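**Q** Could you work out the structure for the sequence below:
(one chain, ligands or ions: 1)
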Amino acid sequence: MQCPYCGKEMRYGVIQSPHEISWKPEKGKIFASSQFSKGAIILSEFSFLKGSCVEAYCCDDCMKIIIDYGDRKISE
Ligand SMILES: [Zn+2]
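**A** Residues are numbered from 1 along each chain as shown. Just a heads-up that it's a prediction; the model follows:
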């Protein structure tokens, strides 16, 4: 993937967490599942055995990370 800021090739990698990984419009309670947060995007649901993992691309020059969440569900 090419960086949308500088156009250079980005490095592929993953973001891992022992907890659910999600994006949400505002901060919520840290242990609450984002499934109950309006407008939240679950990037990786929590798995007890595997933890959470999401693929991401990194640009070292721009210090940006791009996460593709594909067709994962957006909570209402
Ligand atoms: Zn860049």
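**Q** what does the chain put close to the ion?
**A** When proximity is defined by CB under 5 Å from the ion, the chain lies next to the ion at Cys3, Tyr5, Cys6, Cys59, Asp61, Cys62. All C-beta atoms are positioned from the backbone trio N, CA, C, and that covers glycine.
**Q** The closest residue to the fifth one other than its chain neighbours: neighbour count?
**A** Think Asp61. Nearest non-adjacent residue to Asp61, counting by CB to CB, 6 or more residues apart in numbering: Cys6, 5.5 Å away. Neighbourhood size, Cys6 [other CB atoms under 10 Å]: 11.
**Q** ok, Cys6 touching Cys62?
**A** Yes - using CB atoms under 8 Å, Cys6 is in contact with Cys62, at 5.5 Å.
**Q** got a pLDDT number for Ile42?
**A** pLDDT for Ile42: 86.
**Q** so how far is Met10 from the nearest residue to it once chain neighbours are set aside?
**A** Spatial nearest neighbour of Ile42, chain neighbours left out: Ser22 (5.0 Å); criterion: CB to CB, 6+ apart. Counting by CB to CB, to the nearest Å, the separation of Ser22 from Met10 is 22 Å.
**Q** same thing with Pro18?
**A** Going from Pro18 to Met10 by CB to CB gives 26 Å.
**Q** Among those two, which residue is more densely surrounded?
**A** Neighbour totals were compared for Pro18 and Met10, and Met10 leads with 21 against 9 (other CB under 10 Å).
**Q** check contacts around the more buried one.
**A** By CB atoms under 8 Å, 6 or more residues apart in numbering, the residues touching Met10 are Met1, Gln2, Cys3, Tyr57, Cys58, Cys59, Ile66.
**Q** at 10 Å what do you get?
**A** Counting by CB atoms under 10 Å, 6 or more residues apart in numbering, Met10 touches 1-4, 56-62, 64-66.
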